[in-house]
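Engineer: Fold the following, please.
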Amino acid sequence: MNSMTSFVHHIRRPWLPAIAALVAVGACAQSTATTTSAPVAMSAAAAPSPDPRLNLKAGLYDAGEAAWNLKVVSKTPPSEKFKGGINSDLAFIGNYAIQGSFSGYQVWDISNPSAPTVKTSYYCPASQSDVSVYKNLLFVSGEDLTARIDCGAQGVPEAVSKDRLRGIRIFDITDIANPKNVGNVQTCRGSHTHTVLVDPKDPDNVYVYISGSAGVRSEQELPGCVNAPLDKDPNSALFRIEVIKVPVAHPEQAAIVSSPRIFTGLVKPLTHGDAPQDAAKYRVFLDSARKAGAFIAVEGWPGGFPYFASLMCSPETVRSFLKDVGRGVALNYDPSHLIRLRVDHIRFLKEFAEHVKHVHAKDTDVDADALYEFGTQPATFAKPHGFGEWTWRYTIPGQGVARWSEITSILKNSGYTGVVSVELEDEHFNGSEAGEKAALVHSLNYLKGM
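Structural biologist: Residues are numbered from 1 along each chain as shown. All right, here's what the predicted structure looks like:
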């Protein structure tokens, strides 16, 4: 998502000219434009061999490149406030490409694909700012807890705030160089992404279907937001999408008109161990990495309740992976994930220290009172923690239950000389520049004392 952007979720209009340019405006890679006189089918020619993507060098604006059936005709860095950020989706209107970003969105004039220019950069931090356009209206998704209605960079540190934006922003881009925010529609889980649809029988309105993947916001912040299993409360904000009706002539009157439950009855899919073909595929990746003088380190992230991931999240699955794939695979050791799973993080490190090639300095605080109240199941009434669930939360090193003096001792004795990086996920610090800087300084000072 940093270097390339996708073309999904964007409305197709018959009055738009055929798109003759594929533009990727990168934050970690530069913008790329490829032109053809008309849309053409991909060539049936065999893919290049060996794969030119292997052994490409890393870089911000000078990363190695490989292309097949594409020709790079321009490379343009992002505007200043968007450098180093993450891009999301693209939308097109006329000669303009509108590029979503976790920093807002940029409008590029691509009338000359060999020299695209920035028409406007609208700084408005949020994740993930997927974009769609219909006539003179631009729709931008937002679900970040730190996203502000006023697009400020200071974030929203409060748990409940009238300043937070989680939903859809609507802009009038009649003057595309000077977009105007003409409306916002707030939703219980925000908008991770969206799709714009037009009803041929209803030309006065356009409809935005949104899907949010974040936790349910507090009912104190947005009345009607219910965070409860559907069998406990029929008004639950879980397992549903939102349909927003936008009057084209009066977008400020946009409102939710339907919340269909299209995800009811879902069950966790069946899982199984790696098939021999999977193990063989992993070994190819590992062999390629070794030949390039690199390694592949796997972080066992358990996912969220109740759909926990299984790849290398527990001693059992780590042993199985090492056995099936080979000892060339490495581990990214993150004690916070083990603690939340109630796995002894010290015993784990002692067993697998020789495989550790990277370390995440992240902690987990376990709430004993909450465990008494809820056990290990979701709470009925209480809200989950930010960067956590009901009985635990991620935090900076030293403010959880990880035994860092033992961790550092085991790493030193095993000969570890790699990186220890702070993965900052802490509801007490995330959300503002000052808070995040303070968290990093505290983490550095704490780890130095180990």
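Engineer: Wait, a helix at Glu316?
Structural biologist: Yes: judged by DSSP: H, G, I helix; E, B strand; the rest coil, Glu316 forms part of a helix.
Engineer: In terms of pLDDT, where does it sit?
Structural biologist: On pLDDT, Glu316 comes in at 92.
Engineer: again with the one 10 residues further on
Structural biologist: Gly326 is assigned a pLDDT of 70 by the prediction.
Engineer: please renumber so the chain begins at 746
Structural biologist: All set: I'll call the first residue 746, so the last point we hit is now Gly1071.
Engineer: Could you report the distance from it to Ser866?
Structural biologist: Distance of Gly1071 to Ser866, computed by C-beta to C-beta, to the nearest Å: 47 Å. In short, each C-beta sits where N, CA and C put it, glycine included.
Engineer: Give me the more crowded residue out of those two.
Structural biologist: The residue with more neighbours, out of Gly1071 and Ser866, is Ser866; 19 against 13, by other C-beta atoms under 10 Å.
Engineer: Glu1168 versus that one, what's the distance?
Structural biologist: Counting by C-beta to C-beta, the gap from Ser866 to Glu1168 is 29 Å.
Engineer: Could you do Glu997 as well?
Structural biologist: 41 Å.
Engineer: Then Val941?
Structural biologist: From Val941 to Glu1168 the distance is 35 Å (C-beta to C-beta).
Engineer: same question, Pro924
Structural biologist: From Pro924 over to Glu1168 (counting by C-beta to C-beta), the distance is 35 Å.
Engineer: How about Ser1150?
Structural biologist: The value you get for Ser1150 to Glu1168, if C-beta to C-beta is used, is 20 Å.
Engineer: Neighbour count: Val941 and Glu1168, which is higher?
Structural biologist: Val941 (21 against 17).
Engineer: On the strand side of things, show who that one bridges to.
Structural biologist: Listed by DSSP bridges, the beta-bridge partners for Val941 are Val953.
Engineer: which other helices and strands contact the strand or helix carrying Ile1155?
Structural biologist: Assigned by DSSP states H and E, Ile1155 belongs to helix 1149-1158. If contacts are counted by 3 or more C-beta pairs under 8 Å, 6 or more residues apart in numbering; DSSP states H and E, helix 1149-1158 sits against helix 1090-1097, helix 1178-1193.
Engineer: what angle separates that helix from helix 1090-1097?
Structural biologist: With axes from the mean of the first three to the mean of the last three C-alpha atoms, to 10 degrees defining the directions, helix 1149-1158 sits at 10 degrees from helix 1090-1097.
Engineer: Work out the gap between helix 1149-1158 and the centre of the chain.
Structural biologist: Mean C-alpha position of helix 1149-1158 versus that of the full chain (C-alpha atoms, centre = their mean, to the nearest Å) differs by 32 Å.
Engineer: Parallel or antiparallel, list what pairs with the helix or strand just after it.
Structural biologist: Next in sequence after helix 1149-1158, counting helices and strands by DSSP H and E, comes strand 1165-1166. The sheet places strand 1165-1166 alongside strand 1101-1105 (parallel), with pairing taken from DSSP bridges.
Engineer: Just the CA trace of the strand it pairs with, in PDB.
Structural biologist: Output in PDB follows, covering the C-alpha atoms of strand 1101-1105 (Å, rounded to 0.1, in the frame of the first residue of the first chain):
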ATOM      1  CA  VAL A1101      15.300 -14.800  16.900                       C
ATOM      2  CA  LYS A1102      16.400 -12.300  14.300                       C
ATOM      3  CA  HIS A1103      14.300  -9.300  15.400                       C
ATOM      4  CA  VAL A1104      12.700  -8.100  18.600                       C
ATOM      5  CA  HIS A1105       9.600  -5.900  19.200                       C
END
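Engineer: Quick one: end-to-end distance for stretch 974-986.
Structural biologist: One end of stretch 974-986 sits 15 Å from the other (C-alpha to C-alpha, to the nearest Å).
Engineer: Please tell me how far it is from the chain's geometric centre.
Structural biologist: 24 Å.
Engineer: Now do the buried residues in it.
Structural biologist: Leu975, Ser981, Ala982, Leu983, Arg985, Ile986 (16 or more other C-beta atoms under 10 Å).
Engineer: Check the secondary structure at the second one for me.
Structural biologist: Same thing as Ser981. Going by three-state DSSP: Ser981 is coil.
Engineer: show me where pLDDT drops low in the stretch 1046-1195 of the chain?
Structural biologist: 1049-1055, 1072 (pLDDT under 70).
Engineer: hmm, try it at 80
Structural biologist: Along the stretch 1046-1195 of the chain, segments meeting pLDDT under 80 span 1048-1056, 1070-1073, 1121-1123, 1195.
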